[in-house]
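*Asks:* Take this sequence and fold it.
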Amino acid sequence: MPPTHEVFNQVPPLVGHDVADDPALLDGLTREGAGWAAEGIRELGRLAGTEQAQEWGRLANEHPPVLRTHDRYGHRIDEVEFHPAWHELMRVAVSHGLHAAPWADDRPGAHVARAAGFYVWRVDAGHGCPISMTYASVPALRHSPELAAAYEPLLTAREYDFGLRAPLTKAGLLAGMSMTEKQGGSDVRANTTRAEPGPDGAFRLTGHKWFTSAPMCDVFLTLAQGPDGLTCYLVPRVLPDGTLNPMRLMRLKDKLGNRSNASAEIEYDGALGWQVGEGGRGVRTIIEMVNMTRLDCVVGAAAGMRHGTVTAVHHAVHRRAFGRALIDQPLMRNVLADLAVESEAATVLMLRLAGAADRSVRGDESEAAFKRLALAVGKYWVCKRWPVHAAEALECLGGNGYVEESGMPRLFRESPLNSIWEGSGNVAALDVLRAMAREPQTVEAFFAEVESASGADSRLDTAVKQVKDSLADPATIELRARRVVERLALVLQASLLVRHGHPAVADAFCATRLDGDWGAAFGTLPPGLDLAAVIDRARTA
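*Replies:* Numbering: from 1, shown residues only. Below you'll find the model as predicted:
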């Protein structure tokens with residue numbers, strides 16, 4: 001009888017490659033002052049491409065964390081159990097300094113090198129959450145020098161030391177943030193958690209947090225209403241005497257993606273915390289942490305697009321249909337090229353933002369002004385593009401891409417998160433308007449950057465003029481906020497590609513993304529429409 005299960009025309013596994021073998025990444029690494037880190041990034045990229053690392057990512061998601069509120073005897077323990085693969089992923093990330101090491105490194109480009117490593121070590125997105133929050137915690141903690149002196153050396157240490165023990169007795173620490181509550185979400189000023197001062201100089205926090213990711217972290221920067229208003233506090237999981245701080249893990253969220261990472265509802269029942277920064281200035285204190293994690297949202301989205309593009313191209317090279325390899329078929333080549341253009345545009349922007357972050361940390365005021373506006377612009381647009389990109393990359397694999405074993409469903413489920421985390425699309429877009437209105441120097445810095453490419457491409461010159469003109473109508477600018485921010489992002493990406501990218505990529509980007517009234521994202525309707533009538537047709541009450 002003829003064989004019925006002969007396997008042929010199947011694509012070999014995408015393993016054994018260097019994930020950092022990415023021209024846009026490596027060129028940008030040097031351009032932004034971190035060329036000295038290239039070999040370390042390549043080493044991490046080779047590890048990320050191994051079958052072992054990819055298996056860690058799969059297992060960490062196949063076996064999500066489990067909450068253990070009590071031990072067998074009924075004692076409250078509030079612990080989260082993880083698969084060993086999670087710990088391997090965390091160990092690699094921390095040992096390579098992706099968590100917070102740049103804060104202890106004086107070399108120019110240290111934060112760029114860290115961003116590149118975070119981009120390359122993309123075998124699992126979930127464990128990137130505590131890594132990112134730890135990185136972002138340091139500048140916020142520095143608002144209280146005494147606390148920073150005690151905790152920063154452990155936050156920047158390259159030792160992954162998991163377990164519930166008093167923080168200052170451990171070899172290394174991880175930090176989280178605890179801000180949102182069920183009644184407020186992004187409106188953190190609506191928080192109701194209370195912080196009452198004690199006779200020992202510490203505060204006792206009482207309240208309920210709706211979404212606290214990575215609850216296994218050692219310390220948390222938490223917002224609560226103190227005597228002077230909303231204030232930031234450092235809250236440890238374990239108290240100095242070794243007893244558990246009364247932070248009750250109520251339940252873990254059942255999320256669309258990011259399943260390897262635990263996200264919890266937390267109840268503070270008189271939990272001990274120390275004030276960070278000025279009383280009543282909690283948002284101002286923690287906003288530096290938020291901005292650093294927003295940078296990682298852009299980095300993560302760019303990394304996801306790169307992964308999707310590489311996977312789609314790999315499939316097309318090895319898969320045949322209708323008598324030819326997919327890579328040789330004109331329509332598939334068009335799709336793959338478009339995915340590659342979008343990916344490279346995200347990567348060059350990510351690296352430019354990382355460079356601005358690095359230089360602003362070192363006191364460059366012009367770079368700080370550029371980053372203030374460009375980071376919010378990039379957070380909105382790059383994170384918005386990833387879900388669309390992930391869906392198209394998945395489709396390049398056909399039915400095989402829809403099957404879990406391909407890894408593409410996991411990529412697709414991850415893709416909406418970065419747009420939601422640290423301020424969803426509307427929050428990011430309105431933050432851009434706020435920066436432009438309150439800090440005009442950010443607008444000057446932004447256009448100084450964009451116009452560095454003036455005269456190099458007429459399509460870019462026209463688009464820059466158009467976007468400037470669009471800012472001149474303040475009466476409708478909030479309604480048009482998404483459209484305005486989209487165009488700001490596109491001219492910035494185009495400027496970077498024209499100056500630094502491959503000419504073919506820059507030409508394709510300007511020909512498509514700038515030439516005409518594109519409006520590719522949801523929320524880019526023009527003024528003058530009867531929006532109320534449209535919305536009423538979708539109402540149920």
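*Asks:* so is Gly201 in a helix, a strand, or just coil?
*Replies:* Following DSSP: H, G, I helix; E, B strand; the rest coil, the label given to Gly201 is coil.
*Asks:* ok, how many other residues are close to it?
*Replies:* 8 (other CB atoms under 10 Å). In this view, the C-beta of every residue, glycine as well, is placed from N, C-alpha and C.
*Asks:* same check, this time on Glu365
*Replies:* Neighbours of Glu365 using other CB under 10 Å come to 11.
*Asks:* if I look at it, how far off is Ala448?
*Replies:* 13 Å (CB to CB, to the nearest Å).
*Asks:* With Asp105 instead?
*Replies:* Taken as CB to CB, the span from Asp105 to Ala448 is 29 Å.
*Asks:* Which one of those two is surrounded by more residues?
*Replies:* Using other CB under 10 Å as the criterion, Asp105 and Ala448 rank with Asp105 on top: 15 against 12.
*Asks:* for the longest helix seen in the chain, the distance to its chain's centre please.
*Replies:* The residue-count maximum for a helix in the chain (DSSP state H) belongs to helix 282-318. Centroid separation between helix 282-318 and its chain, computed with CA atoms, centre = their mean, to the nearest Å, is 5 Å.
*Asks:* Same question for stretch 450-462.
*Replies:* For stretch 450-462, the distance to the chain centre is 29 Å (CA atoms, centre = their mean).
*Asks:* Quick check: beta-bridge partners of the spatially closest residue to Pro215 that is not a sequence neighbour?
*Replies:* Distance criterion CB to CB, 6 or more residues apart in numbering; nearest residue to Pro215, sequence neighbours excluded, is Ala264 at 4.1 Å. On the basis of DSSP bridges, Ala264 is bridged to Thr212, Leu252.
*Asks:* Would you confirm that Ala264 contacts Lys253?
*Replies:* Yes - with contacts counted by CB atoms under 8 Å, Ala264 reaches Lys253, the gap being 7.0 Å.
*Asks:* More neighbours: those two, which one.
*Replies:* With neighbours defined as other CB under 10 Å, Ala264 and Lys253 compare such that Ala264 has more, 26 against 16.
*Asks:* low-scoring stretches of the stretch 201-350 of the chain, by residue?
*Replies:* Along the stretch 201-350 of the chain, the model assigns pLDDT under 70 to no residue.
*Asks:* Repeat that for the stretch 51-200 of the chain.
*Replies:* For the stretch 51-200 of the chain, the ranges with pLDDT under 70 are 184.
*Asks:* ok, 80 please
*Replies:* 183-188 (pLDDT under 80).
*Asks:* and the residue nearest to Ala481 when sequence neighbours are not counted, helix, strand or coil?
*Replies:* In space, and not counting its chain neighbours, Ala481 is closest to Ala429: 4.2 Å by CB to CB, 6+ apart. Under three-state DSSP, Ala429 falls in the helix class.
*Asks:* got the contact list for Ala429?
*Replies:* 380, 481-482, 484-485 (CB atoms under 8 Å, 6 or more residues apart in numbering).
*Asks:* from the chain's centre, how far out does stretch 178-196 sit?
*Replies:* 22 Å.
*Asks:* can you list the residues that contact that stretch?
*Replies:* 203-212, 220-226, 230-231, 233, 235, 266, 268, 273, 275, 283, 286, 423-424, 427.
*Asks:* Cross those against strands and list the overlap.
*Replies:* Secondary structure from DSSP state E places 203-212, 220-226, 230-231, 233, 235, 266, 268, 273, 275 of those in strands.
*Asks:* Show me which of those are buried.
*Replies:* 203-212, 220-226, 230-231, 233, 235, 266, 268, 273, 275 (16 or more other CB atoms under 10 Å).
*Asks:* Please name the nearest non-neighbouring residue to the residue most central in space within the chain.
*Replies:* Per CA atoms, centre = their mean, the C-alpha nearest to the average position across the chain is that of Cys297, at 1.7 Å. Spatial nearest neighbour of Cys297, chain neighbours left out: Asn418 (4.2 Å); criterion: CB to CB, 6+ apart.
*Asks:* Next up, the contacts around the one you found.
*Replies:* 297-298, 300-301, 304, 383, 386.
*Asks:* do Val123 as well
*Replies:* Per CB under 8 Å, 6+ apart, neighbours of Val123: 48, 53-54, 56-57, 89.
*Asks:* Kindly report the same for Leu44.
*Replies:* Here Leu44 is in contact with 19-20, 92, 96, 117, 120-121 (CB under 8 Å, 6+ apart).
*Asks:* Next: Arg259.
*Replies:* Applying CB under 8 Å, 6+ apart, the residues near Arg259 are 61, 64, 126, 413.
*Asks:* Just give me the neighbour total for the third one.
*Replies:* Other residues near Gly126 number 26, with proximity taken as other CB under 10 Å.
*Asks:* and it, what element?
*Replies:* Applying DSSP states H and E as the criterion places Gly126 outside every helix and strand.
*Asks:* right, and it touches Asn61 too?
*Replies:* Yes - with contact defined as CB under 8 Å, Gly126 reaches Asn61; the gap is 7.0 Å.
*Asks:* Find residues that contact each of these two.
*Replies:* Contacts common to Gly126 and Asn61, judged by CB under 8 Å, 6+ apart, are 259-260.
*Asks:* So which bits of the longest helix of the chain are buried?
*Replies:* 282-283, 285-286, 288-316.
*Asks:* Neighbours of the residue nearest to Ala104 when sequence neighbours are not counted, how many?
*Replies:* With CB to CB, 6+ apart as the criterion, Ala104 has its nearest non-adjacent residue at 4.1 Å, and that residue is Thr156. By other CB under 10 Å, 20 other residues sit near Thr156.
*Asks:* likewise Arg434?
*Replies:* For Arg434, using other CB under 10 Å, the count is 11.
*Asks:* tell me which element it is part of?
*Replies:* Assigned by DSSP H and E, Arg434 falls in helix 425-438.
*Asks:* Quick one, grab the pLDDT at Thr4.
*Replies:* For Thr4, the pLDDT comes out at 79.
*Asks:* and it, that one's in a helix?
*Replies:* No - under three-state DSSP, Thr4 falls outside any helix and is assigned coil.
*Asks:* Which phi and psi values does it adopt?
*Replies:* phi -110, psi -10 (degrees, to the nearest 10).
*Asks:* mind checking how far it is from Tyr73?
*Replies:* On the measure of CB to CB, Thr4 and Tyr73 end up 56 Å apart.
*Asks:* same deal with Gly455?
*Replies:* Taking CB to CB, one finds Gly455 at 75 Å from Tyr73.
*Asks:* Who has more neighbours out of the two?
*Replies:* Gly455 (9 against 6).
*Asks:* Just give the closest residue to the more buried one, not the sequence neighbours.
*Replies:* Asp461 (6.9 Å).
*Asks:* Same check on Glu392?
*Replies:* Leu339 (6.3 Å).
*Asks:* who are the neighbours in contact with the one you found?
*Replies:* With the criterion set at CB under 8 Å, 6+ apart, Leu339 makes contact with 305, 308-309, 312, 389, 392-393, 396.
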